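Student: okay, here's the prediction I keep looking at, along with the sequence it came from:
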Amino acid sequence: MPSYDFICKECNHRFTVTMPVSEYEKGSTQCPQCQSDKIKRAITQFSVITSKKS
């Protein structure tokens, strides 16, 4: 299940939510601190770990 990082436009709280893609597409995420639905996705870094077969 993917994790999404958000920033609340009301209180500036940064938070992470783990949810299925279908829930993310509904757009029903709220800030856990102030309960506002005025949020935006945050840009985050990620890394990929691969196995190297000999």
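Tutor: Yes, it's here.

Student: ok, I7 - contacts?
Tutor: Residues touching I7, when contacts are defined by Cβ atoms under 8 Å, 6 or more residues apart in numbering, comprise H13, R14, I39, K40, A42. To be clear about C-beta, it is placed using only N, CA and C from the backbone, and glycine gets the same treatment.

Student: quick one: it is in a strand?
Tutor: Yes - under the criterion used here (DSSP: H, G, I helix; E, B strand; the rest coil), I7 sits inside a strand.

Student: beta partners of it?
Tutor: Partner residues in beta bridges with I7, using DSSP bridges, are R14, K40.

Student: and the strands in this protein?
Tutor: Remark: strands assigned in the chain by DSSP state E are 3-8, 14-18, 39-41.

Student: which elements pack onto the shortest one?
Tutor: Using 3 or more Cβ pairs under 8 Å, 6 or more residues apart in numbering; DSSP states H and E, the elements in contact with strand 39-41 are strand 3-8.

Student: taking the contacts of I7, please make a PyMOL selection of just the buried ones.
Tutor: Filtering those down to the buried ones (16 or more other Cβ atoms under 10 Å) takes a single PyMOL command:
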select buried, resi 39
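
Student: now the two most distant members of the contacts of I7.
Tutor: H13 and K40 (11.9 Å; Cβ to Cβ).

Student: got a list of what S28 touches?
Tutor: Going by Cβ under 8 Å, 6+ apart, S28 touches D37.
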